[in-house]
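> Sequence and predicted structure are below.
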Amino acid sequence: MKKIVVASNNKHKIEEIKNIFKDIEFLTLKDIGYFDEIVEEGETFFDNALIKAKTIHNYLCEKNLNYDVLADDSGLCCKALNLMPGVYSARYSGEHGNDQANRDKLILNLQGKNRQAYFICSLILYKTDGSVINAEGKTYGTIIDEEKGDTSFGYDCIFFSDDLGKTFGEATFEEKNSVSHRYRALMDLKEKESL
């Protein structure tokens, strides 16, 4: 069975990937013994995905491990805010990973403005020969003022999905995954590369 390293330890992300590519064994960063933090300094989602993929590719080369690497970067873009929070989605409030503060700042900044937004995922498959295949997925919706559903993950509870007619926070895992930006990026990759 082919093995690919996912530049992540996020279990939900890896489950989502496994559901699409059933004939591949996906390894986490923990599985390959990589525990350093990867600094994402890119100006675009593509840049950040490439930084992650290349960092892990180089690590694998040092360890004489011959695996392709799959990496992604994703975030929320709002039309009225010049596509912010964008690459700063996880640290929009100034504090990395404070979902509540990020949502509060976004709702405040959108007062009286267009609420259209989309989640985007930029995906990179970095192959052992150094070649790169990139894919992208988007899912569209509207930012609402009231948090609805599960508030434990990012902007999901204020992102009202055009596809689902409810917030991602109200959607089941399966519903969200069927229309998510990562799902669409993975499907784009599947069309470009027979894995």
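Yep, that arrived.
> can we go C-alpha only for contacts and neighbour counts from here?
Noted.
> Please enumerate the helices of this structure.
Taking DSSP state H, the helices of the chain run over residues 11-20, 45-62, 99-109, 173-179, 181-192.
> so which of those gets nearest residue 154?
Smallest distance to residue 154 across these (CA to CA): 5.1 Å, for helix 99-109.
> Outside of the closest one itself, which residues are in contact with it?
85, 89-93, 143-145, 152-155, 158 (CA atoms under 8 Å, 6 or more residues apart in numbering).
> let's see it at 7 Å
With contact meaning CA atoms under 7 Å, 6 or more residues apart in numbering, helix 99-109 is reached by 91, 92, 93, 145, 153, 154, 155.
> biggest separation within the residues you listed, which pair?
It's 91 and 145 that sit farthest apart of these, by CA to CA, at 19.5 Å.
> follow-up on the earlier one: most neighbours, which of the contacts of helix 99-109?
When neighbours are counted by other CA atoms under 10 Å, residue 155 leads these with 25 neighbours.
> any idea how far residue 151 is from the closest residue to that residue other than its chain neighbours?
Nearest in space to residue 155, with sequence neighbours left out and distances taken as CA to CA, 6 or more residues apart in numbering, is residue 103 at 6.2 Å. Counting by CA to CA, to the nearest Å, the separation of residue 103 from residue 151 is 10 Å.
> Residue 134 now?
In this view, residue 134 and residue 151 are 31 Å apart by CA to CA.
> if you count what's nearby, which of those two comes out ahead?
residue 134 (21 against 17).
> quick one: pLDDT of the closest residue to residue 45 other than its chain neighbours?
Excluding its sequence neighbours, the residue lying closest to residue 45 (CA to CA, 6+ apart) is residue 73, at 5.2 Å. Looking at residue 73, its pLDDT reads 96.
> give me every residue that touches the residue nearest to residue 23 when sequence neighbours are not counted.
Of all residues not flanking residue 23 in the chain, residue 1 sits nearest, at 6.8 Å (CA to CA, 6+ apart). By CA under 7 Å, 6+ apart, residue 1 lies in contact with 23, 24, 25.
> The spatially most central residue of the chain bridge partners, please.
By CA atoms, centre = their mean, the chain has its centre lying nearest to residue 74, at 3.5 Å. Bridge pairing for residue 74 (DSSP bridges) gives the partners residue 121.
> Same question for residue 2.
Here residue 2 sits in beta bridges with residue 24, going by DSSP bridges.
> Surely it touches residue 26?
No. Using CA atoms under 7 Å, residue 2 makes no contact with residue 26, being 8.5 Å away.
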